[in-house]
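In: Sequence first, predicted model second:
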There are 2 protein chains.
Amino acid sequence: MFSQTAEYALRAMSWLALTPDDLVPTPLLAEKTRVPSNYLSKVLQQLAGAGLIVGRRGVGGGYRLARVARDITLIQVVNAVDKVERIESCPLGLSEHGTNLCPLHRISDNAAAAVIEILGGTTLQDLIDDKNASKPMCDTETLAKLTVSGRRS
Amino acid sequence: MFSQTAEYALRAMSWLALTPDDLVPTPLLAEKTRVPSNYLSKVLQQLAGAGLIVGRRGVGGGYRLARVARDITLIQVVNAVDKVERIESCPLGLSEHGTNLCPLHRISDNAAAAVIEILGGTTLQDLIDDKNASKPMCDTETLAKLTVSGRRS
(Lines give C-alpha, C1' and ligand atoms only; values in the text may rest on other atoms or scores of the structure.)
Protein backbone atom coordinates (compact mmCIF):
# COMPACT_ATOMS: atom_id res chain seq x y z
CA MET A 1 0.00 0.00 0.00
CA PHE A 2 2.84 2.36 0.80
CA SER A 3 5.01 3.75 -1.95
CA GLN A 4 8.26 2.00 -2.72
CA THR A 5 10.06 5.04 -1.32
CA ALA A 6 8.22 4.68 2.00
CA GLU A 7 9.01 0.96 2.15
CA TYR A 8 12.70 1.66 1.49
CA ALA A 9 12.77 4.41 4.11
CA LEU A 10 11.29 2.04 6.69
CA ARG A 11 13.85 -0.62 5.83
CA ALA A 12 16.77 1.80 6.13
CA MET A 13 15.55 3.18 9.44
CA SER A 14 15.00 -0.32 10.82
CA TRP A 15 18.55 -1.28 9.98
CA LEU A 16 19.95 1.87 11.56
CA ALA A 17 17.90 1.08 14.67
CA LEU A 18 19.58 -2.35 14.82
CA THR A 19 23.06 -0.78 14.67
CA PRO A 20 22.75 2.37 16.80
CA ASP A 21 26.47 2.64 17.52
CA ASP A 22 27.56 2.61 13.89
CA LEU A 23 27.85 5.13 11.11
CA VAL A 24 26.56 2.93 8.29
CA PRO A 25 27.89 3.70 4.80
CA THR A 26 25.25 3.87 2.06
CA PRO A 27 26.62 0.86 0.10
CA LEU A 28 26.37 -1.36 3.20
CA LEU A 29 22.91 -0.05 3.99
CA ALA A 30 21.88 -0.71 0.39
CA GLU A 31 23.10 -4.29 0.68
CA LYS A 32 21.35 -4.95 4.00
CA THR A 33 18.05 -3.40 2.92
CA ARG A 34 18.22 -4.78 -0.64
CA VAL A 35 17.56 -1.35 -2.10
CA PRO A 36 19.40 0.00 -5.19
CA SER A 37 22.19 2.26 -3.90
CA ASN A 38 21.31 5.32 -6.02
CA TYR A 39 17.68 5.12 -4.98
CA LEU A 40 18.64 4.67 -1.34
CA SER A 41 20.93 7.73 -1.46
CA LYS A 42 17.95 9.91 -2.34
CA VAL A 43 15.80 8.36 0.37
CA LEU A 44 18.56 8.95 2.94
CA GLN A 45 18.79 12.59 1.91
CA GLN A 46 15.06 12.95 2.55
CA LEU A 47 15.36 11.26 5.95
CA ALA A 48 18.29 13.53 6.84
CA GLY A 49 16.31 16.55 5.66
CA ALA A 50 13.51 15.53 8.01
CA GLY A 51 15.97 15.35 10.89
CA LEU A 52 15.57 11.60 11.43
CA ILE A 53 19.15 10.62 10.60
CA VAL A 54 22.51 12.33 10.61
CA GLY A 55 25.36 11.64 8.24
CA ARG A 56 29.10 12.12 8.13
CA ARG A 57 31.02 12.25 4.88
CA GLY A 58 34.35 10.71 4.03
CA VAL A 59 36.31 7.67 5.21
CA GLY A 60 34.50 5.99 8.09
CA GLY A 61 31.43 8.07 7.32
CA GLY A 62 27.84 7.00 6.96
CA TYR A 63 24.46 7.48 8.56
CA ARG A 64 23.02 6.86 12.01
CA LEU A 65 19.70 7.68 13.69
CA ALA A 66 19.42 11.29 14.84
CA ARG A 67 17.83 10.17 18.11
CA VAL A 68 17.14 6.90 19.91
CA ALA A 69 14.90 4.37 18.19
CA ARG A 70 12.36 4.67 21.00
CA ASP A 71 11.72 8.27 19.93
CA ILE A 72 11.07 7.64 16.24
CA THR A 73 7.67 6.33 15.13
CA LEU A 74 6.97 4.65 11.81
CA ILE A 75 4.62 7.44 10.78
CA GLN A 76 7.45 9.93 11.19
CA VAL A 77 9.53 7.83 8.80
CA VAL A 78 6.76 7.51 6.22
CA ASN A 79 5.90 11.19 6.48
CA ALA A 80 9.50 12.14 5.73
CA VAL A 81 9.18 10.71 2.21
CA ASP A 82 5.48 10.29 1.40
CA LYS A 83 3.16 12.12 3.74
CA VAL A 84 0.04 10.38 5.08
CA GLU A 85 -2.39 13.21 5.68
CA ARG A 86 -5.79 13.48 7.30
CA ILE A 87 -8.46 15.20 5.16
CA GLU A 88 -9.18 18.41 7.04
CA SER A 89 -11.61 19.98 4.57
CA CYS A 90 -13.34 19.27 1.25
CA PRO A 91 -10.63 18.59 -1.39
CA LEU A 92 -12.93 20.11 -4.02
CA GLY A 93 -13.25 23.29 -2.01
CA LEU A 94 -17.06 22.99 -1.71
CA SER A 95 -18.07 25.40 1.03
CA GLU A 96 -21.19 23.34 1.88
CA HIS A 97 -18.95 20.37 2.72
CA GLY A 98 -16.15 22.31 4.38
CA THR A 99 -14.69 20.56 7.38
CA ASN A 100 -17.71 18.25 7.75
CA LEU A 101 -16.71 16.34 4.64
CA CYS A 102 -19.03 14.30 2.43
CA PRO A 103 -19.27 10.53 3.02
CA LEU A 104 -16.58 9.83 0.38
CA HIS A 105 -13.99 12.02 2.01
CA ARG A 106 -15.11 11.02 5.51
CA ILE A 107 -14.36 7.38 4.69
CA SER A 108 -11.05 8.27 3.04
CA ASP A 109 -10.14 10.24 6.14
CA ASN A 110 -11.09 7.29 8.35
CA ALA A 111 -8.64 5.15 6.38
CA ALA A 112 -5.88 7.73 6.78
CA ALA A 113 -6.62 7.99 10.51
CA ALA A 114 -6.36 4.20 10.89
CA VAL A 115 -2.96 4.13 9.18
CA ILE A 116 -1.69 7.07 11.24
CA GLU A 117 -2.84 5.37 14.43
CA ILE A 118 -1.11 2.08 13.59
CA LEU A 119 2.15 3.59 12.37
CA GLY A 120 2.13 6.38 14.93
CA GLY A 121 1.75 3.86 17.74
CA THR A 122 4.85 1.91 16.75
CA THR A 123 8.45 3.03 17.23
CA LEU A 124 11.58 1.70 15.58
CA GLN A 125 12.48 0.23 18.96
CA ASP A 126 9.23 -1.75 18.98
CA LEU A 127 10.31 -3.40 15.73
CA ILE A 128 13.46 -4.84 17.28
CA ASP A 129 12.38 -5.43 20.89
CA ASP A 130 10.21 -8.53 20.48
CA LYS A 131 12.39 -11.45 21.56
CA ASN A 132 10.06 -13.93 19.91
CA ALA A 133 9.96 -12.29 16.50
CA SER A 134 12.47 -12.13 13.69
CA LYS A 135 14.37 -8.86 13.20
CA PRO A 136 13.76 -6.65 10.17
CA MET A 137 16.19 -7.33 7.33
CA CYS A 138 17.94 -10.10 9.31
CA ASP A 139 18.41 -13.71 8.38
CA THR A 140 19.97 -15.97 11.02
CA GLU A 141 23.55 -15.27 9.97
CA THR A 142 23.09 -11.50 9.95
CA LEU A 143 21.40 -11.62 13.32
CA ALA A 144 24.23 -13.68 14.83
CA LYS A 145 26.77 -11.07 13.73
CA LEU A 146 24.74 -8.29 15.30
CA THR A 147 24.55 -10.28 18.52
CA VAL A 148 28.26 -11.08 18.63
CA SER A 149 29.22 -7.44 18.17
CA GLY A 150 26.99 -6.52 21.08
CA ARG A 151 24.74 -4.24 19.11
CA ARG A 152 21.53 -5.95 20.06
CA SER A 153 19.78 -4.67 23.09
CA MET B 1 -2.87 9.11 1.70
CA PHE B 2 -4.21 7.65 -1.51
CA SER B 3 -2.64 8.55 -4.82
CA GLN B 4 -4.18 11.37 -6.82
CA THR B 5 -5.30 8.76 -9.35
CA ALA B 6 -7.18 6.82 -6.65
CA GLU B 7 -8.81 10.02 -5.37
CA TYR B 8 -9.93 10.91 -8.89
CA ALA B 9 -11.25 7.40 -9.52
CA LEU B 10 -13.31 7.57 -6.32
CA ARG B 11 -14.72 10.96 -7.33
CA ALA B 12 -15.70 9.74 -10.80
CA MET B 13 -17.33 6.59 -9.47
CA SER B 14 -19.24 8.58 -6.83
CA TRP B 15 -20.64 10.88 -9.48
CA LEU B 16 -21.66 7.96 -11.69
CA ALA B 17 -23.39 6.42 -8.66
CA LEU B 18 -25.39 9.63 -8.25
CA THR B 19 -26.55 9.50 -11.89
CA PRO B 20 -27.14 5.81 -12.55
CA ASP B 21 -29.53 6.37 -15.46
CA ASP B 22 -27.14 8.54 -17.46
CA LEU B 23 -24.29 7.98 -19.84
CA VAL B 24 -22.02 10.77 -18.57
CA PRO B 25 -19.64 12.30 -21.14
CA THR B 26 -16.05 12.71 -19.95
CA PRO B 27 -16.07 16.53 -20.16
CA LEU B 28 -19.13 16.72 -17.90
CA LEU B 29 -17.62 14.20 -15.50
CA ALA B 30 -14.39 16.21 -15.47
CA GLU B 31 -16.34 19.34 -14.57
CA LYS B 32 -18.33 17.69 -11.79
CA THR B 33 -15.33 15.95 -10.23
CA ARG B 34 -12.93 18.90 -10.81
CA VAL B 35 -10.40 16.64 -12.47
CA PRO B 36 -8.40 17.64 -15.59
CA SER B 37 -10.17 16.04 -18.56
CA ASN B 38 -7.09 14.33 -20.03
CA TYR B 39 -6.14 12.86 -16.69
CA LEU B 40 -9.71 11.71 -16.09
CA SER B 41 -9.84 9.99 -19.50
CA LYS B 42 -6.97 7.75 -18.47
CA VAL B 43 -8.54 7.00 -15.10
CA LEU B 44 -11.82 6.09 -16.82
CA GLN B 45 -10.00 3.73 -19.16
CA GLN B 46 -8.53 1.96 -16.13
CA LEU B 47 -11.94 1.74 -14.46
CA ALA B 48 -13.45 0.36 -17.68
CA GLY B 49 -10.57 -2.11 -17.96
CA ALA B 50 -11.36 -3.33 -14.46
CA GLY B 51 -15.00 -3.86 -15.44
CA LEU B 52 -16.36 -1.22 -13.07
CA ILE B 53 -17.80 1.11 -15.72
CA VAL B 54 -19.00 0.73 -19.29
CA GLY B 55 -18.71 3.35 -22.00
CA ARG B 56 -20.38 4.16 -25.29
CA ARG B 57 -18.67 6.28 -27.91
CA GLY B 58 -20.13 8.97 -30.12
CA VAL B 59 -22.98 11.45 -29.80
CA GLY B 60 -24.92 10.82 -26.59
CA GLY B 61 -22.13 8.56 -25.40
CA GLY B 62 -20.33 8.51 -22.08
CA TYR B 63 -19.79 6.29 -19.09
CA ARG B 64 -22.04 4.62 -16.52
CA LEU B 65 -21.48 2.10 -13.73
CA ALA B 66 -21.17 -1.47 -14.96
CA ARG B 67 -23.35 -2.68 -12.08
CA VAL B 68 -25.46 -1.15 -9.32
CA ALA B 69 -23.70 1.06 -6.79
CA ARG B 70 -24.60 -1.38 -4.00
CA ASP B 71 -22.32 -3.96 -5.64
CA ILE B 72 -19.20 -1.80 -5.95
CA THR B 73 -16.98 -1.23 -2.91
CA LEU B 74 -14.47 1.57 -2.54
CA ILE B 75 -11.60 -0.90 -2.35
CA GLN B 76 -12.60 -2.24 -5.76
CA VAL B 77 -12.36 1.29 -7.14
CA VAL B 78 -8.97 1.98 -5.55
CA ASN B 79 -7.61 -1.40 -6.62
CA ALA B 80 -8.54 -0.68 -10.23
CA VAL B 81 -5.98 2.14 -10.36
CA ASP B 82 -3.58 1.74 -7.41
CA LYS B 83 -3.75 -1.63 -5.74
CA VAL B 84 -3.78 -1.86 -1.92
CA GLU B 85 -2.17 -5.19 -1.19
CA ARG B 86 -1.67 -7.25 1.94
CA ILE B 87 1.92 -8.40 2.56
CA GLU B 88 1.77 -12.16 2.14
CA SER B 89 5.47 -12.95 2.54
CA CYS B 90 8.80 -11.23 3.26
CA PRO B 91 9.35 -8.54 0.58
CA LEU B 92 13.10 -9.16 0.85
CA GLY B 93 12.63 -12.84 0.17
CA LEU B 94 14.23 -13.90 3.46
CA SER B 95 13.27 -17.53 3.95
CA GLU B 96 13.52 -17.24 7.77
CA HIS B 97 10.79 -14.59 7.70
CA GLY B 98 8.63 -16.14 5.00
CA THR B 99 4.92 -15.76 5.63
CA ASN B 100 5.43 -15.00 9.33
CA LEU B 101 6.88 -11.59 8.51
CA CYS B 102 9.19 -9.54 10.71
CA PRO B 103 7.67 -6.85 12.95
CA LEU B 104 8.22 -4.13 10.31
CA HIS B 105 6.28 -5.94 7.64
CA ARG B 106 3.71 -7.23 10.15
CA ILE B 107 2.87 -3.63 11.10
CA SER B 108 2.82 -2.53 7.46
CA ASP B 109 0.46 -5.40 6.70
CA ASN B 110 -1.76 -4.41 9.63
CA ALA B 111 -2.07 -0.93 8.11
CA ALA B 112 -2.98 -2.38 4.72
CA ALA B 113 -5.54 -4.67 6.35
CA ALA B 114 -7.15 -1.73 8.16
CA VAL B 115 -7.50 0.23 4.91
CA ILE B 116 -8.90 -2.77 3.07
CA GLU B 117 -11.42 -3.36 5.85
CA ILE B 118 -12.63 0.26 5.83
CA LEU B 119 -12.81 0.65 2.05
CA GLY B 120 -14.02 -2.89 1.48
CA GLY B 121 -16.87 -2.38 3.92
CA THR B 122 -18.23 0.66 2.10
CA THR B 123 -20.10 0.62 -1.21
CA LEU B 124 -20.74 3.50 -3.59
CA GLN B 125 -24.38 3.28 -2.52
CA ASP B 126 -23.36 3.86 1.11
CA LEU B 127 -21.79 7.17 0.04
CA ILE B 128 -25.07 8.54 -1.29
CA ASP B 129 -27.62 6.88 0.99
CA ASP B 130 -27.13 8.91 4.17
CA LYS B 131 -30.01 11.40 4.23
CA ASN B 132 -28.25 13.52 6.83
CA ALA B 133 -24.95 13.86 5.01
CA SER B 134 -23.89 15.91 2.02
CA LYS B 135 -23.47 14.10 -1.30
CA PRO B 136 -20.03 13.63 -2.85
CA MET B 137 -19.16 16.35 -5.38
CA CYS B 138 -22.48 18.14 -4.79
CA ASP B 139 -23.07 21.68 -3.65
CA THR B 140 -26.69 22.67 -2.95
CA GLU B 141 -27.41 23.73 -6.54
CA THR B 142 -26.02 20.53 -8.04
CA LEU B 143 -27.94 18.43 -5.55
CA ALA B 144 -31.20 20.23 -6.36
CA LYS B 145 -30.79 19.44 -10.05
CA LEU B 146 -30.17 15.78 -9.28
CA THR B 147 -33.30 15.71 -7.14
CA VAL B 148 -35.49 17.43 -9.72
CA SER B 149 -34.52 14.98 -12.42
CA GLY B 150 -35.47 12.11 -10.14
CA ARG B 151 -32.05 10.56 -10.05
CA ARG B 152 -31.73 10.55 -6.30
CA SER B 153 -32.89 7.45 -4.55
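Out: Yes, it's here.

In: Stretch A:42-60 vs chain B: in contact?
Out: No. Using C-beta under 8 Å from any C-beta of the partner chain, stretch A:42-60 stays clear of chain B, coming no nearer than 15.2 Å. C-betas here are computed from N, CA, C, even on glycine.

In: Chain A: helices as residue ranges?
Out: A:4-18, A:26-33, A:37-49, A:74-81, A:103-120, A:124-129, A:140-148 (DSSP state H).

In: I figured A:Pro103 hits B:Ile128, correct?
Out: Yes. Judged on C-beta atoms under 8 Å, A:Pro103 makes contact with B:Ile128 at a distance of 7.4 Å.

In: residues in contact with the closest residue to A:Ala114 other than its chain neighbours?
Out: In this structure, A:Ala114 finds its nearest non-sequential neighbour in B:Ala114, 4.1 Å apart by C-beta to C-beta, 6 or more residues apart in numbering or on different chains. In this structure, B:Ala114 makes contact with A:111, A:114-115, A:118, judged by C-beta atoms under 8 Å, 6 or more residues apart in numbering or on different chains.

In: Specify which residue of A:Pro103 and B:Ile128 has the higher count of neighbours.
Out: Set side by side, A:Pro103 and B:Ile128 show more neighbours around B:Ile128, with 23 against 18, by other C-beta atoms under 10 Å in any protein chain shown.

In: Does the more buried one touch B:Thr19 like I think?
Out: No. Between B:Ile128 and B:Thr19 there is no contact, the gap being 10.3 Å when judged by C-beta under 8 Å.

In: Would you mind confirming that A:Gly51 is in contact with A:Asp71?
Out: No. Between A:Gly51 and A:Asp71 there is no contact, the gap being 11.5 Å when judged by C-beta under 8 Å.

In: Enumerate the residue intervals of chain A where per-residue confidence is below the cut-off.
Out: Low-confidence segments of chain A, defined by pLDDT under 70, are located at A:148-153.

In: Could you rerun that using 50?
Out: The model of chain A has pLDDT under 50 over residues A:150, A:152-153.

In: and for A:Pro103 and B:Ile128, which residues touch both?
Out: B:135-136.

In: Highest mean neighbour count out of the helices of chain A?
Out: Counting by mean count of other C-beta atoms under 10 Å in any protein chain shown, helix A:4-18 has the highest mean neighbour count of those, with a mean of 24.

In: Run the contact check for that helix versus chain B.
Out: Yes. Interface with chain B: helix A:4-18 contributes A:7, A:10-11, A:14 (C-beta under 8 Å from any C-beta).

In: Can I get those residues in CSV including distance to B:Leu146?
Out: Shown next, in CSV, are the residues of helix A:4-18 next to chain B (distance: C-beta to C-beta, whole Å):
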residue, distance to B:Leu146
A:Glu7, 42
A:Leu10, 44
A:Arg11, 48
A:Ser14, 50
